[in-house]
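1. need the 3D shape of this:
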Amino acid sequence: MKNNQIILAVDIGEQLLRNGAEIYRVDESIRRMLMTYNIGSCNVYVVANGIFVSAGENSEHPISAVRHVPLCAMHLERVAILNQLVRDICNKKISAADARTQLNACASLPSNTALVQLICSIVGIGAFTYLFGGRSADILVAIFVGCVQQLCLIASARLKIAKLVQIVIASMLVAMTALLASKIHIPIQHDKVIIGSIMTLLPGVAFANSIRELYNSDYLSGMIHLLDTLVTTLCIAVGIYIPIILMKN
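-> Predicted coordinates:
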């Protein structure tokens with residue numbers, strides 16, 4: 001019974017980490033659940049891409065659990081559901097069996113559809129272009145560019161192309177489309193179109209999490225997330241720079 005409860009706590013922590021929860025949140029959630037289940041002598045170590053838990057070290061049957069969690073896209077709706085599940089477990093409002101059922105249901109929760117992603121991308125890009133000083137023509141072209149970018153990301157994700165390659169290709173399409181629109185004398189500020197369009201590619205949440213983890217002295221996890229953020233930003237810069245060089249004449 002204790003083993004099942006330990007594995008349940010680790011599985012919930014894995015789903016939290018996999019869907020974008022902060023390191024301290026995952027660590028604290030696992031510890032609180034183990035305390036609720038009266039699991040003694042437990043040690044929890046969480047990094048950006050892994051979870052290590054040992055429990056019952058002073059008993060006859062100690063147990064250890066390890067989870068490798070690759071860096072994935074965030075799904076904050078799942079994080080919110082899992083947070084509530086952890087609260088219910090800690091308040092003893094739900095049994096371990098029911099918690100397992102809810103965990104499985106949460107893990108199978110679908111991501112946003114392509115249409116929803118496209119609409120959110122259009123709204124975000126239009127708003128950012130306006131905030132950066134774009135005029136009406138700039139906003140309209142940026143929205144078109146954003147549609148091209150988002151469709152490219154959706155298609156490349158379905159083809160299982162590597163994340164960094166997806167970012168480079170999407171950035172190249174953004175810069176190329178904006179520059180072509182300027183070349184055919186559409187009255188736009190191509191710099192405003194480009195910067196407004198790439199804002200949805202920037203890993204802002206991951207960067208904020210990395211700073212928080214560094215502040216909380218989780219240096220390894222903070223550096224992993226910070227490096228991922230910097231590499232993603234570099235890929236965006238490379239993708240934009242290539243069309244500018246090729247089309248500067």
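2. ranges for the helices of this structure?
-> Assigned by DSSP state H, the chain shows helices spanning 2-18, 23-36, 76-90, 96-107, 114-131, 136-158, 163-183, 190-198, 204-215, 219-246.
3. would you format those as TSV with mean pLDDT and distance to Pro62 included?
-> From N, CA and C alone the C-beta is placed, and that goes for glycine too. Conversion of the helices of the chain to TSV gives the following (pLDDT from 0 to 100; distance: least, Cβ to Cβ, whole Å):
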stretch	mean pLDDT	distance to Pro62
helix 2-18	89	10
helix 23-36	91	13
helix 76-90	91	22
helix 96-107	90	20
helix 114-131	87	45
helix 136-158	86	41
helix 163-183	88	38
helix 190-198	87	50
helix 204-215	83	29
helix 219-246	88	25
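4. closest to Asn58 out of those?
-> Go through these one by one with Cβ to Cβ and the one that ends up closest to Asn58 is helix 2-18, at 13.1 Å.
5. which elements pack onto that closest one?
-> With contacts defined as 3 or more Cβ pairs under 8 Å, 6 or more residues apart in numbering; DSSP states H and E, helix 2-18 has these neighbours: helix 23-36, strand 50-55, strand 63-68, helix 76-90, helix 96-107.
6. tally of neighbours for Arg87?
-> Burial of Arg87, expressed as a neighbour count using other Cβ atoms under 10 Å, amounts to 13.
7. cool, Gln117 as well?
-> Residues contacting Gln117 under the criterion other Cβ under 10 Å number 17.
8. surely it and Cys152 touch.
-> No - because the distance of 12.0 Å does not satisfy Cβ atoms under 8 Å, Gln117 is recorded as not touching Cys152.
9. to Ile186, which of the helices and strands packed on helix 2-18 lies closest?
-> Distances from Ile186 to each of these were compared by Cβ to Cβ, and the smallest falls on helix 76-90, at 36.8 Å.
10. and the closest one, how far from the chain's centre?
-> For helix 76-90, the distance between its averaged C-alpha position and the chain's averaged C-alpha position is 17 Å (Cα atoms, centre = their mean, to the nearest Å).
11. buried ones in it?
-> If you call a residue buried by 16 or more other Cβ atoms under 10 Å, then helix 76-90 has these buried ones: 78-79, 81-82, 85-86, 89.
12. so how far is Lys2 from the residue located most distally from the centre of the chain?
-> Among the residues of the chain, the one whose C-alpha is farthest from the average of all C-alpha positions is Glu60, by Cα atoms, centre = their mean at 40.1 Å. Taken as Cβ to Cβ, to the nearest Å, the spacing of Glu60 relative to Lys2 amounts to 12 Å.
13. Tyr45 too?
-> For Tyr45 relative to Lys2 (Cβ to Cβ), the value is 20 Å.
14. what about these two, which has more around it?
-> More neighbours surround Lys2 than the other of Tyr45 and Lys2, with 16 against 12 (other Cβ under 10 Å).
15. centroid-nearest residue for the protein?
-> Residue closest to the mean C-alpha point of the chain, counted by Cα atoms, centre = their mean, is Met74 at 2.9 Å.
16. check contacts around that one.
-> 19-20, 205-206 (Cβ atoms under 8 Å, 6 or more residues apart in numbering).
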